[in-house]
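Enquirer: structure, please.
(one chain, ligands or ions: 1)
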Amino acid sequence: MKRRFLMTPGPSPVPSFVRESLGREIMHHRTEEFQNILSDVHKGLKRVFCTDNPVLILASSGTGAMEAAVSNLFSRNDKVITVNGGKFGERWNQIAKSFSLEVIELKLDWGTSLSKEVLAKALKENKGVKGVFTTLCETSTATVYDVKAMAEVTRENDALLIVDAVSGLGQDRLLTDSWGVDVVVSGSQKGFMLPPGLSFISLSKKAQAAISKSDLSKYYFNLNKALKSYEKNDTPFTPAVSLVVGLKEALEMINSQGIEARWKRFEKMALATREAAKAIGLEIFSKSPSSSVTAICVPEAIKSGQIVKILRKDYGLSIAGGQDQMKDKIIRIAHMGWISEQDLISCFSLLEKVLKDLGAEFSLGASLARLEEVLYG
Ligand code: PMP
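Expert: Predicted structure coming up:
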């Protein structure tokens, strides 16, 4: 069996101290012991989300919390704006439409971010917009959006600002309360260093007030019920007990380092990744690169899918390729959660080997030298 290492933008590696906690004997969830764990986890999540408001835990992948945001905060035919510059902006569109909302789509060229002016104009031209759905890190293009600027605009309107931070949380800066973001959605399998299976959703007071007005159907993802249970450190249904136990360990680690320190660390790793790629003649795809994942354009003669396949098959290293219009044109390397500086060095060493084997021309070791300069210099 080959050593397997994930440098994909989710799932991402789970450290051994979390894996060990996942294997502990299962406990019953309606007990003081589990409620104490939930209480700690709720406090820890608030610190990572930079909010004083509740952060609910759902047993689903990230998309479940996205769906919950739509089905709990809005009503049939409500007018909403979606920011669509990639696969996950597109997902907001699809969910909103499937719940019969009236969607105004702000389409972006892949790899670009939305300007404050465009959002302000859209809100001015479309009176009565109830919500703006956007993304922190658009994983398909490795682009970070200026959520702070978007919040400045939505704060002046009645619209709720809902941010998909499934891949970005923990790496890309997000100051939920001080920027005025109403809802932040995330998932367990990226910055939180857990297996997939949990999603999270924070709710501002304005968002909590919107729940009572919603007329859309929901049962499992009923956030009103979840909020009532949350107050008692409980959950409406059986929680994913072992994942919550693992989350406690992961949050303790994240918060012992401090979210600010982690943002700075991943910012540096992202910069080092971009510089390393440029040092071997490769271009960075995004005009607004994220600290969670980097998209790198591959030489025209080489298909990125081929690189991804060889790395996984021959070396046990998983990185991601491009999706849709970027299929075979980019590779995506994650720097999130448990992925370290040393992992980046191994990744570029193998990437150089594979690129050379596929006929790319550059001087061997150039990316590694640049990577180390940025990381250690
Ligand atoms: N949004 C973003 C930005 C993501 O990266 C992902 C997962 N790749 C999702 C949403 C969907 O999350 P999940 O696959 O956990 O449902």
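Enquirer: run through who's touching stretch 116-132.
Expert: 73-74, 78-83, 104, 106, 146, 149-150, 152-154, 157-162, 210 (CB atoms under 8 Å, 6 or more residues apart in numbering). Just so you know, the C-beta spots here come from the backbone N, C-alpha and C atoms, and that holds for glycine as well.
Enquirer: meant to ask about stretch 263-271, not that
Expert: 170-173, 289-292, 294, 335-336, 339, 341, 344, 374-375.
Enquirer: got a quick PyMOL command for the buried subset of the residues you listed?
Expert: In PyMOL, a selection of the buried entries from those looks like this (16 or more other CB atoms under 10 Å):
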select buried, resi 170+171+172+173+289+290+291+292+294+335+336+339+341+344+374+375
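Enquirer: just the contacts of stretch 263-271 now: which is nearest the ligand?
Expert: Ser292 (8.7 Å; CB to the nearest ligand atom).
Enquirer: which one is the closest one nearest to, not counting chain neighbours?
Expert: Gln171 (4.1 Å; CB to CB, 6 or more residues apart in numbering).
Enquirer: now, the contacts of stretch 116-132 that are in strands?
Expert: Counted as lying in strands by DSSP state E, out of these, are Lys79, Val80, Ile81, Thr82, Val83, Ile104, Leu106, Leu160, Leu161, Ile162.
Enquirer: residues contacting the closest residue to Ile104 other than its chain neighbours?
Expert: Spatial nearest neighbour of Ile104, excluding adjacent residues (CB to CB, 6+ apart): Ile81 at 4.9 Å. Ile81 is in contact with 103-106, 119, 122-123, 126, 129, 131-133, 159, counting by CB under 8 Å, 6+ apart.
Enquirer: list only buried entries from those residues.
Expert: Val103, Ile104, Glu105, Leu106, Leu119, Ala122, Leu123, Val129, Gly131, Val132, Phe133, Ala159.
Enquirer: could I get the full set of helices for the chain?
Expert: Using DSSP state H, the helices of the chain run over residues 16-22, 32-49, 62-73, 87-98, 116-125, 147-155, 176-179, 205-211, 223-231, 241-257, 259-279, 304-315, 341-357, 366-376.
Enquirer: tell me the most buried of the ones you listed?
Expert: Compared across the helices of the chain, helix 62-73 shows the largest average neighbour count, a mean of 24 (mean count of other CB atoms under 10 Å).
Enquirer: quick one: mean pLDDT for that one?
Expert: The average of the pLDDT scores along helix 62-73 is 98.
Enquirer: what's next to that helix, contact-wise?
Expert: 58, 91-92, 95-96, 99, 101, 131, 133, 160, 162, 164, 166, 183, 185-187, 189, 199-201, 207, 210-211, 214, 216-218, 221-224.
Enquirer: try 6 Å this time
Expert: 58, 95-96, 99, 162, 166, 183, 185, 187, 199, 201, 210-211, 214, 216, 218, 221, 223 (CB atoms under 6 Å, 6 or more residues apart in numbering).
Enquirer: which ones, among those residues, also lie beside the ligand?
Expert: Applying CB under 6 Å from any ligand atom, the subset of the contacts of helix 62-73 adjacent to the ligand comprises Val166, Gly187.
Enquirer: please, a ChimeraX command that selects the buried ones among the contacts of helix 62-73?
Expert: Typed into ChimeraX, the line below selects the buried ones among the contacts of helix 62-73, using 16+ other CB under 10 Å:
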select :58,95,96,99,162,166,183,185,187,199,201,210,211,214,218,221,223
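Enquirer: related to what we said a few turns ago, filter the contacts of stretch 263-271 down to the ones near the ligand?
Expert: When contact is defined as CB under 6 Å from any ligand atom, these do not meet the ligand at all.
Enquirer: among the contacts of stretch 263-271, which lie within strands?
Expert: Using DSSP E, the contacts of stretch 263-271 in strands are Thr294.
Enquirer: for Pro54, state which of the contacts of stretch 263-271 is nearest.
Expert: Gly170 (18.9 Å; CB to CB).
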